[in-house]
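J.: based on what follows, work out the 3D shape:
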Amino acid sequence: MAELESGLLLGAPVREVTRSGVSCQHNCLSLATAAAEMKAVAAQNSRVKDPVYHVILSWPQSEKPTDDQAFDCALHAMDAVGMGGHQYVFAIHHDTDNVHLHMTVNRVHPDSYNAVYPDRDYFKLDYAMRELELRYGWTHDNGPYSVIDKKGSPEIAWSAPKPKFQGKQPTRAADMERHLNRPWFRRHLQAS
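T.: This is a model prediction of the structure:
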């Protein structure tokens, strides 16, 4: 608890390879204590019921990112969803046909104890992946965003030409629209 109060739970990135050969990077005191450290920080915000944010980044079979590149991609993804500066553990797996990385991030910030629940993280992560594909020269994957050639330089743009496909209607709003049998306010904004 003394480390928690002194703010020492967030350290510089450390890389380790587990006994089973999995490359890991974390910013906790140790890989062995990372779960307990994250739990201690999350406990400082009693409203948080799901403190773990888990995402898998996966590369096509033809792409073979280095560990440095994969860890850089994970840090970029964390920043994209507003979790830069949070506790994390990344693990790279080379044991399948395609390289993939598990991101486990504490939603609760170790200094402010504010929780982050990224809104529309699927879109933010997809945009971040297009940025990384451009940075590293990888092939472009399918998703809500595409890389297009605009006057000789690559640009990231929506894949779907119509605005109605650029975002999902929140579930509660859709339920309310059906219940009231009225058009949704956001649709009026999109139409104008």
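
J.: the helix or strand bottoming out on mean pLDDT in the chain: what's the following helix or strand?
T.: Lowest by mean pLDDT, DSSP states H and E among the helices and strands of the chain is helix 2-6, with a mean of 49. For helix 2-6, the following helix or strand on the C-terminal side (DSSP states H and E) is strand 14-17.

J.: tell me the first helix or strand C-terminal of that next one.
T.: Sequence order places strand 23-26 as the next helix or strand after strand 14-17, per DSSP H and E.

J.: residue 107 contacts residue 49, doesn't it?
T.: No. With contact defined as CB atoms under 8 Å, residue 107 does not reach residue 49; the gap is 10.0 Å. Glycine gets a C-beta too; all of them are placed from N, C-alpha and C.

J.: and these two? Which one has more around it.
T.: Applying other CB atoms under 10 Å to residue 107 and residue 49 shows that residue 107 carries more neighbours, namely 21 against 7.

J.: tell me the pLDDT at that one?
T.: With respect to pLDDT, residue 107 scores 97.

J.: same deal with the one 4 residues further on?
T.: Taken from the predicted model, the pLDDT recorded for residue 111 is 93.

J.: how about residue 94?
T.: Confidence score, pLDDT, at residue 94: 87.

J.: show me where the chain has its strands.
T.: 14-17, 23-26, 52-58, 88-93, 100-106, 145-150, 153-158 (DSSP state E).

J.: export those strands as TSV, with columns for mean neighbour count.
T.: Formatted as TSV, the strands of the chain follow (neighbours: other CB atoms under 10 Å):
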stretch	mean neighbour count
strand 14-17	13
strand 23-26	20
strand 52-58	15
strand 88-93	21
strand 100-106	20
strand 145-150	14
strand 153-158	13
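
J.: so which other helices or strands are in contact with the longest helix along the chain?
T.: Longest helix in the chain, counting residues (DSSP state H): helix 121-136. Using 3 or more CB pairs under 8 Å, 6 or more residues apart in numbering; DSSP states H and E, the elements in contact with helix 121-136 are strand 52-58, helix 67-80, strand 145-150, strand 153-158.
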